[in-house]
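S.K.: could you look at this predicted model? Sequence included:
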Amino acid sequence: MKDARIVLDNEYNTYYAGQTLNGRIEYEFDSPIKVRGIYVRFKGEANTAWTETKEEQTSTQTDQAQYETRDTMHTGHEEYFNIMYYMLGSAEGSEIEIPAGKQVYNFTCTLPPVLPSSFESQYGYVRYTLKVTLDRPWQFDHHTKLAFTVINPLDLNLNNSYKEPIHLQMEKTFCCLWCASSPLTVDVRAPVSGYCPGQVIPINVDIENKSNVQVHLVQVALRRVVTFRATTPTSATKILREVVVEIQEGPAPAGSTKHWDMRLEVPSIPPSNLVNCGIIDLDYDLNVVCKVSGLHQNLTGKKYVTIGTVPLMGQLAVPTAPPPRPVRDDPAVLPVSPGPPMDSYGGDTSGWTVPGAQPPYQSLYPTLTQPVYKVSPYTARTIQDREDRNHTQVVGPTSFAPCYPTYAAVQPPPLPQ
């Protein structure tokens, strides 16, 4: 076999839960090949894994205490769907000879309407893949595998709490022997609590430094706070806090007053919560750190923010049609209906996510510009798993990264003057 190539019906390989995925496998054979058949498998799953190292005492004799380091691997797993069918032949059928040259086989799959968004991290992932297999009698099967993105919409307009402004107030005095300084006061504001990738968060920082300690830097970071859960060998939890993007200003000398207008652009990242995933929780916060001089402890504070897939359309914006019944208890999660299947796979791509097509919520907000889908900075080391053997060919980028909708053209409301 010269080549194997998987082509999906949109250029971003990105779908919303409930949509229909269509595509084709293109083979190029340099000679005829005998197979039992060709089948495709669609799979959606979440996995968590991390190693915990502990030092345990192996001897109870106090004068000859001995310790041993033990590593425990914690893992968790959820499966959302696993769909397989033959495009040619069958598992029990007779041999079929495929002629040399280019051969094309089409496939389709309607995704379940309730799925968590794609997510990648070093300790776990929510991932969706399809794998096409040449089922060959008495020989190694050949597998061709591709990962694609699934998005569970989170409409910021459907929950009023996302329209609430962010206001963080911090104050600290510094002690020297028995004397306390006048306070350092820091006031941080942002116009709303919900944003989408591509938007710029306007942040006002006001400092009144009546103390005798200099503020070297004020760092404002958007962090993702991920909680991973494992079920094997026992229940365990791991929390990861990592900076997504960070901006900074400074200094603010002792006795000074400072005002900074800061702008923090949200990169292409998955929506908050990972609704419908039971082993990974995803939150975001704005974390503020004021780094001060000397041996004094820094001043810190945080406020949670929500990252959505449908931006706020103004304080009076409401959907022009009643939304479907929400999934679970989150009023911002917007379920969608399956999209129409494709009639053809030739020529230009024509899936619903390519330019000119409408995302499933577009009809609710006629003035909303269409999103630009961008690759996430968080990638998978590999999409191969324990079921994949040496004869599995991964197509697409070497390191898979999901794509998410971005809205640089839709900016949040300004801060009040």
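M.R.: Looks like it arrived, so ask away.
S.K.: could you list the domains of the protein?
M.R.: With domains defined by automatic domain parsing, the chain comprises 3-153+318-406, 156-307.
S.K.: chain center to the first one: distance?
M.R.: Relative to its parent chain, domain 3-153+318-406 has a centroid offset of 14 Å by C-alpha atoms, centre = their mean, to the nearest Å.
S.K.: hmm, back to that, dump the domains of the chain to TSV, plus mean neighbour count and mean pLDDT.
M.R.: The C-beta positions use only the backbone N, C-alpha and C, and glycine is treated the same way. Converted to TSV, the domains of the chain look like this (neighbours: other C-beta atoms under 10 Å; pLDDT from 0 to 100):
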stretch	mean neighbour count	mean pLDDT
domain 3-153+318-406	16	82
domain 156-307	17	95
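S.K.: what's the closest of those to residue 412?
M.R.: domain 156-307 (5.4 Å; C-beta to C-beta).
S.K.: can you add distance to residue 412 and give the domains of the chain back as JSON lines?
M.R.: Formatted as JSON lines, the entries for the domains of the chain read as follows, by distance: least, C-beta to C-beta, whole Å:
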{"stretch": "domain 3-153+318-406", "distance to residue 412": "14"}
{"stretch": "domain 156-307", "distance to residue 412": "5"}
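S.K.: so which of these is nearest residue 416?
M.R.: By C-beta to C-beta (comparing all of the domains of the chain), the closest turns out to be domain 156-307, at 7.6 Å.
S.K.: tell me which of the domains of the chain lies nearest to residue 414.
M.R.: Once these are compared by C-beta to C-beta, domain 156-307 is nearest, at 6.3 Å.
S.K.: so for that closest one, first residue to last residue, what's the gap.
M.R.: Using C-alpha to C-alpha, to the nearest Å, the gap from the first to the last residue of domain 156-307 comes to 8 Å.
S.K.: what's the answer for stretch 381-393, then?
M.R.: The separation between the terminal residues of stretch 381-393, taken as C-alpha to C-alpha, is 15 Å.
S.K.: kindly report the same for stretch 389-400.
M.R.: 18 Å.
S.K.: start the count at 52, not 1, going forward
M.R.: From this message on, residue numbering opens at 52, which makes the last subject stretch 440-451.
S.K.: can you tell me the element residue 338 falls in?
M.R.: Taking DSSP states H and E as the definition, residue 338 sits inside strand 331-343.
S.K.: chain center to the helix or strand just after that strand: distance?
M.R.: Tracing the chain C-terminally past strand 331-343 and defining elements by DSSP H and E, one meets strand 350-358 next. Relative to the chain's own centre, strand 350-358 is displaced by 19 Å; criterion: C-alpha atoms, centre = their mean.
S.K.: contacts made by strand 350-358 with the rest, please.
M.R.: Outside strand 350-358, the residues within contact range by C-beta atoms under 8 Å, 6 or more residues apart in numbering are 205, 207, 213, 217-219, 221, 223, 235, 237, 239, 241, 244-248, 252, 273-274, 317, 320-323, 334-341, 343, 383.
S.K.: give me the helices and strands touching the helix or strand following it, please.
M.R.: Towards the C-terminus, the helix or strand next in line after strand 350-358, according to DSSP H and E, is strand 423-426. Where contact means 3 or more C-beta pairs under 8 Å, 6 or more residues apart in numbering; DSSP states H and E, strand 423-426 is packed against strand 454-457.
S.K.: need the CA coordinates for the strand it packs on. CSV is fine.
M.R.: Once non-C-alpha atoms are left out, strand 454-457 reads as follows in CSV (Å, rounded to 0.1, in the frame of the first residue of the first chain):
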residue,chain,number,x,y,z
CYS,A,454,-9.6,23.6,17.6
TYR,A,455,-12.0,26.0,19.4
PRO,A,456,-14.2,28.9,18.2
THR,A,457,-12.7,32.4,18.7
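S.K.: each with direction, which strands does it pair with?
M.R.: strand 423-426 (antiparallel) (DSSP bridges).
S.K.: picking up where we left off before, out of the domains of the chain, which comes closest to residue 464?
M.R.: With respect to residue 464, and counting by C-beta to C-beta, the nearest of the domains of the chain is domain 207-358 at 4.9 Å.
S.K.: next one: that closest one to chain centre, how far?
M.R.: Worked out by C-alpha atoms, centre = their mean, domain 207-358 lies 20 Å from the chain centre.
S.K.: what's the first helix or strand after the one helix or strand residue 277 maps to?
M.R.: Under the criterion of DSSP H and E, residue 277 resides in strand 266-281. Next helix or strand after strand 266-281 toward the C-terminus (DSSP H and E): strand 287-300.
S.K.: partner strands of the next helix or strand after that following strand, with direction?
M.R.: Beyond strand 287-300 in the direction of the C-terminus, DSSP H and E gives the next helix or strand as strand 308-316. Partners of strand 308-316 in the sheet, by DSSP bridges, are strand 251-260 (antiparallel).
S.K.: isn't there a strand covering residue 99?
M.R.: Yes - with the criterion set as DSSP: H, G, I helix; E, B strand; the rest coil, the secondary structure at residue 99 is a strand.
S.K.: thank you kindly, that will do.
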